[in-house]
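> Would you be able to build a 3D model of this:
(2 chains)
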Amino acid sequence: DAKTTQPPSMDCAEGRAANLPCNHSTISGNEYVYWYRQIHSQGPQYIIHGLKNNETNEMASLIITEDRKSSTLILPHATLRDTAVYYCIVLNDYKLSFGAGTTVTVRA
Amino acid sequence: DAGVIQSPRHEVTEMGQEVTLRCKPISGHNSLFWYRQTMMRGLELLIYFNNNVPIDDSGMPEDRFSAKMPNASFSTLKIQPSEPRDSAVYFCASSPRDFNEQFFGPGTRLTVL
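Below you'll find the predicted structure:
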């Protein structure tokens, strides 16, 4: 599976949009981009995934560049409950594994 | 829907004892996964079931670990005998399709003394 690079941490103001970048320059054509998050002491939570088109669901939007070498997860209106570690993963099978991720802290 | 249910939430046992972790997947999901998470090794896939059949158990650390899925609504992960290095959080996840989004349970925190 392709490796991803994410910033180690970022802060966000409550109510503002949070834009989380991810680089995956070695992604192959059949690999999807997945985003999960893990709130402290809880199980990982699926957020969204996509192949090459932008995707939106009730939680977030996923913007994938045309060359698929990077993507951005957008939380449109961050709340305190969105404080978590966010993981960007690229894969084409079921073997999830998390890197260091981005620790997002939403501040009031 | 209650989501993926795991029990117990916490387990403390002594080295050499048998440990059984339980999981009830989301109804209608045909894939079930067992993962282990530690600070040192991160999240590791232990075993993957599809339609109650083990498809990939290459992540099971050794013969002390075994997993079963007797029906679509129940799975167990057993460690016998347990060792201190087995201490971790064990997650069960289920998926409505082969390997798309996985829905995780709250985990079982296992401590082996």
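> and stretch A:79-89 with chain B, contact?
No - Stretch A:79-89 lies out of reach of chain B by Cβ under 8 Å from any Cβ of the partner chain, never closer than 8.7 Å. Every residue, glycine included, has its C-beta placed from N, CA and C.
> Next, the distance between the ends of that stretch.
With Cα to Cα, to the nearest Å as the measure, stretch A:79-89 spans 23 Å from end to end.
> And it, what's buried?
A:Asp82, A:Thr83, A:Ala84, A:Val85, A:Tyr86, A:Tyr87, A:Cys88, A:Ile89 (16 or more other Cβ atoms under 10 Å in any protein chain shown).
> Pick out the most distant pair among those.
Comparing all pairs in these by Cβ to Cβ, the longest separation belongs to A:Thr83 and A:Ile89, at 20.1 Å.
> Other residues contacting stretch B:12-27?
Here stretch B:12-27 makes contact (Cβ atoms under 8 Å, 6 or more residues apart in numbering or on different chains) with B:1, B:3-8, B:11, B:32, B:34, B:72-84, B:86, B:90, B:92, B:94, B:96, B:103, B:105, B:108, B:110-113.
> Return only those of these found close to chain A.
Near chain A, by the rule Cβ under 8 Å from any Cβ, you find B:Val4, B:Phe103, B:Gly105 out of the contacts of stretch B:12-27.
> so which one among the residues you listed has the lowest pLDDT?
Minimum pLDDT for these is recorded at B:Phe103 (94).
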